[in-house]
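**Student:** Next comes the sequence, and after it the predicted model I'd like to discuss.
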Amino acid sequence: MKVDLHMHTTCSDGVYTPEELTNLAVQAGLDVMSISDHDTIDAYTTGCRLNSGVRIIPAMEMSSDYDGEDVHVLGYYLNTENAALQEYCAQFKMRRQMRAMEIVERCESLGYVLDREQIEGVLARGGTIGRPHIARMLVAKGYFPDVTAVFDTILYRGGPAYVPYRRKSIDECIELIHQAGGLAVLAHPGLLHAALPHVLTHSFDGIEVYHPKNRGRYEEFLAVAEEKGWYVSGGSDFHGTTGRYPEQVGVFSFDSARIEPLLQYKKK
């Protein structure tokens, strides 16, 4: 089967709407997918007309950290009507929007002029603004050649335009996912460095083995899953951003048989 359990839409920092992304998934021949937007379940709760031609596992990617490193937790099979989950998303959206305006102010103090009306328009439509949105705006204005250059120059963690924000702990993320009936999966462990040994001590249900940033380390993370009895997951982390692999839906592939236990969990 063709599977991608890690994809983003305009509900967080992706380029395509939920409708557009599911249509692209069907065109690419995906059998199973997850829209796993950052700290929001809007793709599932705001009346989006998702294409029924692909099986969709409700998901979200939650933000946490440990000792200065970003730690993301994927929640799968979420009950999107769970009150605690919806409250978390509402509060996070508010904090993210306030943070985004602070980032814009820092960009402007560095001499990068941005269209605030464009940002306010996104917010008025109920969307959220994050670093990737601002990075794309800076590229569109001609300040940088691509999004990677923006992050490397001013938006990296601790950079001159970076604004930190308060996140829940790893254990709080896991607990919230469990409250919503879901499975908590450690996202892209290959992006972690010194924090990885500590992060792996937490009570996840699974680990995202197959991810573009994990290449060359699949066997290492499969061994972790086997040792701990965790589910194996995988996805492209697709955003649709030019210059960020993969730029097209369906081009990142892996052995879906390895994640069959996760696909069968709660299957109706």
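**Tutor:** Arrived safely, thanks for sending. Numbering: from 1, shown residues only.

**Student:** how long is stretch 163-172 end to end?
**Tutor:** One end of stretch 163-172 to the other measures 22 Å (C-alpha to C-alpha, to the nearest Å).

**Student:** Could you pull up the mean pLDDT of that stretch?
**Tutor:** If you average the pLDDT over stretch 163-172, you get 91.

**Student:** switch to numbering from 10
**Tutor:** Taking 10 as the first residue, the last one we looked at is stretch 172-181.

**Student:** Validate this expectation: residue 73 resides in a strand.
**Tutor:** Yes: going by DSSP: H, G, I helix; E, B strand; the rest coil, the assignment for residue 73 places it inside a strand.

**Student:** who touches it in this structure?
**Tutor:** 79-82, 176-179, 181-182 (C-beta atoms under 8 Å, 6 or more residues apart in numbering). For glycine as for every other residue, the C-beta is placed from the backbone atoms N, C-alpha and C.

**Student:** By mean pLDDT, flag the weakest helix or strand of the chain.
**Tutor:** Scoring the helices and strands of the chain by mean pLDDT, DSSP states H and E places helix 125-133 at the bottom, with a mean of 75.

**Student:** And the next helix or strand after that helix, what's buried?
**Tutor:** Counting by DSSP states H and E, the element after helix 125-133 in chain order, helix or strand, is helix 140-149. For helix 140-149, burial by neighbour count (16 or more other C-beta atoms under 10 Å) applies to 140-148.

**Student:** tell me the angle helix 140-149 makes with helix 125-133.
**Tutor:** Angular relation of helix 140-149 and helix 125-133 on a 0 to 180 degree scale: 150 degrees, by axes from the mean of the first three to the mean of the last three C-alpha atoms, to 10 degrees.

**Student:** Give me the helices and strands touching helix 140-149, please.
**Tutor:** Here helix 140-149 touches helix 92-118, helix 125-133, helix 156-159, going by 3 or more C-beta pairs under 8 Å, 6 or more residues apart in numbering; DSSP states H and E.

**Student:** And those, which one averages the lowest pLDDT?
**Tutor:** Checking each of the helices and strands packed on helix 140-149, the one with the poorest mean pLDDT is helix 125-133, at a mean of 75.

**Student:** From the chain's centroid, how far away is that helix?
**Tutor:** 22 Å (C-alpha atoms, centre = their mean, to the nearest Å).

**Student:** who touches that helix?
**Tutor:** Outside helix 125-133, the residues within contact range by C-beta under 8 Å, 6+ apart are 106, 109-110, 113, 137-138, 142, 146.

**Student:** re the thing from before, kindly reformat the buried residues of helix 140-149 as TSV containing pLDDT.
**Tutor:** Shown next, in TSV, are those (pLDDT from 0 to 100):
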residue	pLDDT
140	88
141	86
142	85
143	92
144	93
145	89
146	91
147	95
148	94
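
**Student:** how about these, which pair is most distant?
**Tutor:** Based on C-beta to C-beta, the longest span within the buried residues of helix 140-149 runs between 140 and 148 and measures 12.5 Å.

**Student:** What are the buried residues along the least confident helix or strand of the chain?
**Tutor:** Under the neighbour-count criterion of 16+ other C-beta under 10 Å, helix 125-133 has residue 128 buried.

**Student:** quick one, that helix and helix 92-118 angle?
**Tutor:** Computed by the same axes, to 10 degrees, the angle between helix 125-133 and helix 92-118 is 180 degrees.

**Student:** out of the contacts of residue 73, which are inside helices?
**Tutor:** Mapping these onto helices (DSSP state H) picks out 179, 181-182.

**Student:** Alright, I will stop here.
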